[in-house]
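Q: my questions concern the predicted model and sequence given below.
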Amino acid sequence: MISTKGRYAIRVMIDLAEHEDGNYIPLKEIAARQQISKKYLEILVKELVKGGFVVGASGKGGGYKLCRKPEDYYVGEIIELMEGPLATVACLLPEAKECPRAASCQTLPMWEEYDKLVHDFFYSRKLSDLVEESKRGKE
């Protein structure tokens, strides 16, 4: 399940992409548009900055902006930054020890297939796709 942390991070990234004009966007403006508390957004953008997805500046004219173009962000990478790996079961986590039952596990192929579907879905969608879909929805 994708938590509010992951969902809100995507909303913040969309907001930054939609309002990009070369200047930093104040967090209070994002909070107002997205109807998310500024306090909670501070936590989210701190992780987005640490992950190299956004850059921030303080003081007059400060705020946040994307580090890359919207078409250079995959939705999957935003989710994984905020949520961790998209693995369905513990044995498919990147740091998982090899399961002694892997060779005989009757369900492992199903979990691998499901994980591939989820991964491929989120990594086939770019931030720019979500911005375009949002524009079409407002027309």
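A: On my side now, so go ahead. Numbering: from 1, shown residues only.

Q: which other residues reach stretch 41-57?
A: With contact meaning C-beta atoms under 8 Å, 6 or more residues apart in numbering, stretch 41-57 is reached by 5, 8-9, 12-13, 16, 24, 27, 30-31, 34, 62-68, 73, 78, 81-82. C-betas here are computed from N, CA, C, even on glycine.

Q: for that stretch, the distance to its chain's centre please.
A: Relative to its chain's centre, stretch 41-57 lies at 11 Å (C-alpha atoms, centre = their mean, to the nearest Å).

Q: go on, stretch 69-82?
A: 5 Å.

Q: send me it as PDB with only the CA atoms.
A: What follows is stretch 69-82, C-alpha atoms only, in PDB (Å, rounded to 0.1, in the frame of the first residue of the first chain):
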ATOM      1  CA  LYS A  69      12.700  18.400 -16.100                       C
ATOM      2  CA  PRO A  70       9.300  16.700 -15.400                       C
ATOM      3  CA  GLU A  71       9.900  14.200 -18.200                       C
ATOM      4  CA  ASP A  72      13.100  13.100 -16.400                       C
ATOM      5  CA  TYR A  73      11.300  11.800 -13.300                       C
ATOM      6  CA  TYR A  74       9.600   8.400 -13.200                       C
ATOM      7  CA  VAL A  75       6.700   8.000 -10.700                       C
ATOM      8  CA  GLY A  76       8.300   4.800  -9.500                       C
ATOM      9  CA  GLU A  77      11.500   6.500  -8.400                       C
ATOM     10  CA  ILE A  78       9.400   9.100  -6.400                       C
ATOM     11  CA  ILE A  79       7.400   6.300  -4.700                       C
ATOM     12  CA  GLU A  80      10.600   4.300  -3.900                       C
ATOM     13  CA  LEU A  81      12.300   7.300  -2.500                       C
ATOM     14  CA  MET A  82       9.500   8.000  -0.100                       C
END
